[in-house]
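# Sequence first, then the predicted structure:
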Amino acid sequence: MAKKVEASPNQLFLAAENGNKDAVEAVLAKKGLKVNAKESTFGMTALHVAASRGHTDIVELLLANGSDIEAKEETGRTALHSAAFRGHAAVIEVLLTKGANVNAMTHDGKTPLDWAMLSNKTDAANAIRTKGGKSGKEVKPPAA
C-alpha cells in the first residue's frame, strides 16, 4: 500500500524562497496544504517569503491559490512591507493591484512606505506614494 504524502509548509516556503514556480505549483497541488501556514521563527507565510525575494510570479500564484494578502508576521509586517524593504517594485505593483493595504501598519506604527525609506529604496517608495502610500506619522499623527 502506497503511503500518502501530504504537502508541508516547509516545502512551500523553500520553493517560494527559491522562486521555483514548478515546485510551488506541485506543492499547492497536494492535499492538506495550508497556503497561509506560518513558519515558526518570525510567523511569515510563503507570500512574505516570495515578496521579500522579489518573485513576482510566485506572489501571483500564491494569491491565486488563496494566500492572505494581509497576513501579518510577528511584528505586524505584511508581504507589502517585505517587498518595500527589499525594493521590489514589480511585487509592490502586484500586491497593490490585488488589494493590499498600502498603509498597513506594523505593531510599531510603520507603513510599507516607512520600510522602503528605511532601506533607501527610492523606486519602491515612489511606487507606494503614487498609490496613496503614507508614512506612519502621516497615517496616525501624534496627539497634539
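On my side now, so go ahead.
# I'd say Leu47 and Glu70 touch.
No. Between Leu47 and Glu70 there is no contact under CB atoms under 8 Å: 9.9 Å. The way it works is simple: take the backbone N, C-alpha and C, and place the C-beta from them, glycine included.
# measure Ile92 to Ala16 for me?
As defined by CB to CB, to the nearest Å, Ile92 lies at a distance of 17 Å from Ala16.
# higher neighbour count, Leu47 and Glu70?
Using other CB atoms under 10 Å as the criterion, Leu47 and Glu70 rank with Leu47 on top: 28 against 13.
# Could you look up the SS state of the more buried one?
Three-state assignment for Leu47 (DSSP: H, G, I helix; E, B strand; the rest coil): helix.
# And the pLDDT for it?
We have a pLDDT of 97 for Leu47.
# now swap in Leu33 and tell me
Per-residue confidence for Leu33 comes out at a pLDDT of 83.
# same thing with Pro9?
Reading off the confidence values, Pro9 has pLDDT 75.
# distance between stretch 66-74 and the chain's centre?
Shown here is stretch 66-74, whose average C-alpha point lies 7 Å from the average C-alpha point of the whole chain (CA atoms, centre = their mean, to the nearest Å).
# what does that stretch rub up against?
Contact with stretch 66-74 is made by 35-36, 38, 42-48, 63, 78-79, 95, 98-101, 104, 106, as judged by CB atoms under 8 Å, 6 or more residues apart in numbering.
# next one: stretch 115-123
With contact meaning CB under 8 Å, 6+ apart, stretch 115-123 is reached by 77, 81, 84-87, 89, 110, 124-125, 128, 135.
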